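J.: Output the structure for:
(one chain, ligands or ions: 2)
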Amino acid sequence: MTDETDIGTRDRRGYFTPNARLDIAPMWRWPWRLPAFVAWLPHYFLPWNVLFMASGLAFWVWLMPSTETMQSLSPGWIARLWLINTVAVLIFYGAAEYRLYVQRAQEGRYKYNPVFPADRKIKAFFKGSQNLENALLTVFSGVTIWTLIQALVLSAWSNGIGNWIAFADNPIYLIALALIVPVIHQAHFYAIHRLIHTRWLYKHVHSIHHKSINPSPWSSLAMHPAEHLLYFASMLWHLVIPSHPAIAMYQLHVAGFGAIPGHTGFDRVEVGDTLIDPHAYNHYLHHRYFEVNYGDGLVPFDYWFGTYHDGSPEAEEAMKKRLQARRMPQT
Ligand SMILES: [Zn+2]
Ligand SMILES: [Zn+2]
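T.: Ligands and ions are numbered 1, 2, ... in the order given. From the prediction side, this is the model:
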């Protein structure tokens, strides 16, 4: 068993705060320091992005229908894709949820919020259950829209629509593109996330996602269908920029599965004697305070536009001042 006091503290109400402050990726810090960049690089790839790259590639190589089949948008193969995606979601999301929230393998160690959502009935959710509502939204709206966007892009590729290039034609460009897939995701996500935090869209669309103040893996894709549409539209960039369908699949999996780590609700996940950092604190703070960390530090828009919360008391104070200023009547 590991000891959470090595990396953080708990307040009187039982909330866990990691000692380390969040930071933006070192390439955005001036002066540019090569050693810091080299030290950060493994965190960019491991373990998540390598995993999503592998799953995107595996889906493309083994699980996609033939080119001829995908040329027409017929329901048969699209339904099959939906089923494959649903099974994958149940495995990936289910495994994270089961281990941490059903089996409670590490009990409450490293958990930011001391409460497990299943232990409380919350009236705002369907049948009072955060898990049930979130799982239903994920599978029936989330995976459906995920699949429709995937079918659209793959069908476009099958029909030669888009700027598709073969790996042999320009391997250096395609490798470079694959390397920046998470950056594209972050830029896209930040833009749509700011949009749905505008008053009307927040009230009618994004507030569904924010019902999970204390998120668990099932909260990741608990969204209004309009948000699912905007969120998974990140794959459509690959119809615009020169790309390869395997990289488009990687982009889709960064969106589809990449949402899990940020919603684990734990600062560290125990796997045997190893502690894995899901990088969840940044987005946990967004769920807790709404007005901070619309993106993460990979492309630090929040840092540039003044909504970055790095977990420090100073950032907390700055946030309170911003909110207060907003409430003051305009003169
Ligand atoms: Zn979220
Ligand atoms: Zn939000």
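J.: Low-confidence stretches in the chain?
T.: For the chain, the stretches with pLDDT under 70 are 1, 329-331.
J.: ok, now which ones touch the residue nearest the centre of the chain?
T.: With distances taken as C-alpha atoms, centre = their mean, the residue of the chain nearest its centroid is A259 (2.4 Å). Under the criterion of C-beta atoms under 8 Å, 6 or more residues apart in numbering, the neighbours of A259 are S220, L221. All C-beta spots, glycine's among them, are computed from the backbone N, C-alpha and C.
J.: if I look at it, how far off is W218?
T.: Noted for A259: a distance of 11 Å to W218, by C-beta to C-beta, to the nearest Å.
J.: Please compute how far the host helix or strand of F52 lies from its chain's middle.
T.: Following DSSP states H and E, one finds F52 within helix 48-58. Put simply, helix 48-58 sits 14 Å off its chain's centre (C-alpha atoms, centre = their mean, to the nearest Å).
J.: Can you pull out the residues in contact with stretch 219-234?
T.: Contact with stretch 219-234 is made by 89, 93, 130, 133-134, 137-138, 141-143, 145-146, 149, 184-185, 188-189, 192, 195-196, 204-206, 208-209, 211-212, 251-252, 254-256, 259-260, 262-263, 287, as judged by C-beta under 8 Å, 6+ apart.
J.: repeat that with 6 Å
T.: Residues outside stretch 219-234 that contact it (C-beta atoms under 6 Å, 6 or more residues apart in numbering): 134, 137-138, 141-142, 145-146, 149, 185, 188, 192, 205, 208-209, 212, 251, 255, 259-260, 263.
J.: Can you give me the buried ones in that stretch?
T.: Along stretch 219-234, these residues count as buried under the neighbour rule (16 or more other C-beta atoms under 10 Å): 219-224, 226-232, 234.
J.: Phi and psi next, for the residue nearest to the centre of the chain.
T.: phi -70, psi -20 (degrees, to the nearest 10).
J.: quick one: it and K121, what's the gap?
T.: Distance, A259 to K121, using C-beta to C-beta: 25 Å.
J.: One more: P18?
T.: 30 Å.
J.: between the two, who's got more neighbours?
T.: P18 (18 against 11; other C-beta atoms under 10 Å).
J.: Backbone dihedrals for the closest residue in space to the more buried one that isn't next to it in sequence, please?
T.: Leaving aside its sequence neighbours, P18 sits nearest to G8 (C-beta to C-beta, 6 or more residues apart in numbering; 4.1 Å). Backbone dihedrals for G8, given as degrees, to the nearest 10, come out at phi -170, psi -180.
J.: Dihedrals phi and psi, L154?
T.: Taking degrees, to the nearest 10, you get phi -70, psi -40 for the backbone angles of L154.
J.: what about it, distance to L239?
T.: 11 Å.
J.: ok, these two, which is more surrounded?
T.: Neighbour count, other C-beta under 10 Å: between L154 and L239, L154 has more, with 26 against 16.
J.: Show the contacting residues for the more buried one.
T.: M70.
J.: so how many other residues sit close to the closest residue to P114 other than its chain neighbours?
T.: Sequence neighbours aside, G14 is the residue nearest to P114 in space, at 3.4 Å (criterion: C-beta to C-beta, 6+ apart). Residues near G14, counting by other C-beta under 10 Å, number 12.
J.: ok, now V89?
T.: Residues contacting V89 under the criterion other C-beta under 10 Å number 21.
J.: which residues are contacting the helix or strand containing it?
T.: V89 belongs to helix 75-97 when elements are defined using DSSP H and E. For helix 75-97, the external contacting residues (C-beta under 6 Å, 6+ apart) are L63, P65, T69, V139, V143, W146, T147, A151, P217, W218, F257, I260.
J.: Just the CA trace of it, in PDB.
T.: C-alpha atoms of helix 75-97 as PDB (Å, rounded to 0.1, in the frame of the first residue of the first chain):
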ATOM      1  CA  PRO A  75     -26.700   1.400 -41.900                       C
ATOM      2  CA  GLY A  76     -25.300  -2.200 -41.700                       C
ATOM      3  CA  TRP A  77     -21.600  -1.400 -41.300                       C
ATOM      4  CA  ILE A  78     -22.200   1.700 -39.300                       C
ATOM      5  CA  ALA A  79     -24.300  -0.300 -36.800                       C
ATOM      6  CA  ARG A  80     -21.400  -2.800 -36.600                       C
ATOM      7  CA  LEU A  81     -19.000   0.100 -35.900                       C
ATOM      8  CA  TRP A  82     -21.300   1.300 -33.200                       C
ATOM      9  CA  LEU A  83     -21.200  -2.100 -31.600                       C
ATOM     10  CA  ILE A  84     -17.400  -2.300 -31.800                       C
ATOM     11  CA  ASN A  85     -17.100   1.200 -30.200                       C
ATOM     12  CA  THR A  86     -19.600   0.300 -27.500                       C
ATOM     13  CA  VAL A  87     -17.800  -2.800 -26.600                       C
ATOM     14  CA  ALA A  88     -14.500  -0.900 -26.500                       C
ATOM     15  CA  VAL A  89     -16.100   1.800 -24.300                       C
ATOM     16  CA  LEU A  90     -17.500  -0.800 -21.900                       C
ATOM     17  CA  ILE A  91     -14.100  -2.400 -21.600                       C
ATOM     18  CA  PHE A  92     -12.000   0.800 -21.200                       C
ATOM     19  CA  TYR A  93     -14.500   2.900 -19.200                       C
ATOM     20  CA  GLY A  94     -15.900  -0.200 -17.400                       C
ATOM     21  CA  ALA A  95     -12.400  -1.300 -16.300                       C
ATOM     22  CA  ALA A  96     -11.500   2.100 -14.900                       C
ATOM     23  CA  GLU A  97     -14.900   2.500 -13.200                       C
END
